[in-house]
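Peer 1: How does the following fold in three dimensions:
(one chain, ligands or ions: 1)
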Amino acid sequence: MAGSGTAHMRSVDSRALTVSDLVVRFPAGRKQKVHAVSGLNLDLVPGETVGILGESGCGKSSAGRAMMQLPAPTSGSVRLGDVELTELSPRALRQARAKIQMIMQDPVSSLNPRRKVADLVGEGLAIWGYQGTDRKAEIERTLHAVGLDPAVVWDRRPHEMSGGQCQRVCIARALMLDPDVLICDEPVSSLDVSVQAQILNLLERTKQRYGLSLLFIAHDVAAVKNISDRAMVLYLGKTCEVLPSANMHVRSVHPYTRLLLSSIPDAVREAADQGTRSVSNELPSPLAPPSGCRFRTRCPLATEQCAEAEPTLREVGDGHYVACHNV
Ligand SMILES: Nc1ncnc2c1ncn2[C@@H]1O[C@H](COP(=O)(O)OP(=O)(O)OP(=O)(O)O)[C@@H](O)[C@H]1O
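Peer 2: Numbers count the residues shown, from 1 in each chain. Purely as a prediction, here's the structure:
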């Protein structure tokens with residue numbers, strides 16, 4: 001698939017998650033389709049955190065949900081370890097989903113308001129047939145692990161807790177199934193700023209303790225930079241750039257990544273602004289994405305070639321891949 005080849009997929013023996021040529025299209029009206037994700041490739045090695053970055057509407061959540069098969073992608077492959085999720089029967093998929101869990105942006109509405117914390121956290125255990133004291137002890141242990149006191153929250157319902165506490169419950173619920181991969185879709189963006197850092201720290205600690213791989217979806221560059229090993233930048237359903245997160249403000253070269261980074265204040269913005277001109281804020285319609293490079297209508301570097309040919313993802317440095325004709 002042009003525009004985001006498999007080059008950036010690292011050659012390691014074991015991968016927690018391997019996504020190839022992922023396409024998500026939604027029907028819109030009688031003849032049109034929303035091109036939400038157009039050929040995404042991604043690999044996640046055990047213990048790694050990859051951030052998926054991009055502005056609202058660029059397809060981050062659609063990609064994350066398609067990896068969960070919620071719903072299944074239009075086409076493409078999603079391998080969890082050695083298991084191809086797109087080919088599983090509904091029953092086998094339910095079992096496999098224990099190993100790939102997702103936490104959502106709005107923790108309060110993703111929890112059943114009528115159920116108590118103990119039931120919400122313990123519901124997945126039915127899959128494994130846990131009962132009685134085993135079940136209670138496991139729920140207590142997991143609540144402690146996410147920083148909640150079981151004696152205090154056991155009988156509470158979601159509306160009796162803060163957003164941060166509800167997100168901890170969601171994380172506990174996911175951990176109960178002993179996942180290998182946790183997809184976090186904007187997990188802190190609906191929370192108070194003071195609570196955001198606590199939840200990010202919890203995710204980092206949890207990753208270490210439970211040996212997870214994390215996919216961290218966000219539009220917040222600073223959060224991705226803090227928590228991820230690598231960042232993948234999406235624009236209108238396509239990958240623009242993949243690079244190590246640590247020094248991305250210095251190393252990024254794709255004009256779209258630099259535009260995103262320019263929304264970070266202070267010195268980081270200065271670094272990102274060097275060499276770029278201001279560009280339009282309009283995201284083109286995903287019903288009819290621009291020809292060639294999808295970013296060309298907003299790109300300060302665009303040339304005729306960008307309308308004619310789609311740039312493929314090519315390696316420009318160690319672990320650094322860019323899809324652009326002009327950098
Ligand atoms: N169920 C759906 N039916 C039709 N179009 C959809 C559906 N879900 C998402 N879309 C469209 O697909 C595109 C990508 O949406 P998506 O939510 O994946 O982007 P995003 O980057 O996660 O944005 P946000 O951060 O706002 O959630 C958008 O144009 C959106 O309107």
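
Peer 1: rest of the way, CA atoms for contacts and neighbours
Peer 2: OK.

Peer 1: separation between the one residue in the stretch 151-300 of the chain that gets nearest to the ligand and Asn226?
Peer 2: Residue nearest to the ligand within the stretch 151-300 of the chain: Pro286 (5.5 Å; CA to the nearest ligand atom). Pro286 sits at a distance of 30 Å from Asn226 (criterion: CA to CA, to the nearest Å).

Peer 1: Of these two, which one has the most company?
Peer 2: Higher neighbour count among Pro286 and Asn226: Pro286, with 19 against 15, using other CA atoms under 10 Å.

Peer 1: For that one, give me the pLDDT.
Peer 2: Here, the pLDDT recorded for Pro286 equals 93.

Peer 1: Ser194: what's it in contact with?
Peer 2: Contacts were defined as CA atoms under 8 Å, 6 or more residues apart in numbering; by that measure Ser194 touches no other residue.

Peer 1: any idea which element it lies in?
Peer 2: Assigning secondary structure by DSSP states H and E places Ser194 in helix 193-210.

Peer 1: The residue nearest the centre of the chain: helix or strand, and which one exactly?
Peer 2: If you average the C-alpha coordinates of the chain and look for the closest C-alpha using CA atoms, centre = their mean, you land on Ile217, 3.0 Å from that point. When secondary structure is defined by DSSP H and E, Ile217 falls within strand 213-218.

Peer 1: tell me the mean pLDDT for that strand?
Peer 2: 96.

Peer 1: Now name the helix or strand holding the residue nearest to Pro27 when sequence neighbours are not counted.
Peer 2: On the basis of CA to CA, 6 or more residues apart in numbering, the spatially nearest residue to Pro27 that is not a chain neighbour turns out to be Lys33, at 4.6 Å. With the criterion set as DSSP H and E, the secondary-structure element containing Lys33 is strand 32-44.

Peer 1: Then Gly51?
Peer 2: With elements taken from DSSP H and E, the one containing Gly51 is strand 49-53.

Peer 1: same thing with Gly76?
Peer 2: Secondary structure here is read from DSSP H and E; on that basis Gly76 sits in strand 75-80.

Peer 1: now what about the helix or strand just after that strand, what contacts it?
Peer 2: From strand 75-80 onward toward the C-terminus, using DSSP H and E, the following helix or strand is strand 83-84. Counting by CA under 8 Å, 6+ apart, strand 83-84 makes contact with Ser77, Val78, all of which sit outside it.

Peer 1: What residues does the protein have near the ligand?
Peer 2: Within the chain, the positions adjacent to the ligand are Phe26, Val34, Ala36, Glu55, Ser56, Gly57, Cys58, Gly59, Lys60, Ser61, Ser62, Pro286 by CA under 6 Å from any ligand atom.

Peer 1: Which ones among those residues lie within helices?
Peer 2: Residues from the residues of the chain next to the ligand lying in helices, with DSSP state H as the criterion: Lys60, Ser61, Ser62.

Peer 1: Quickly run through the sheet partners of the strand holding Ile217, with directions.
Peer 2: Strands flanking strand 213-218 in the sheet, each with its direction: strand 49-53 (parallel), strand 181-185 (parallel) (DSSP bridges).
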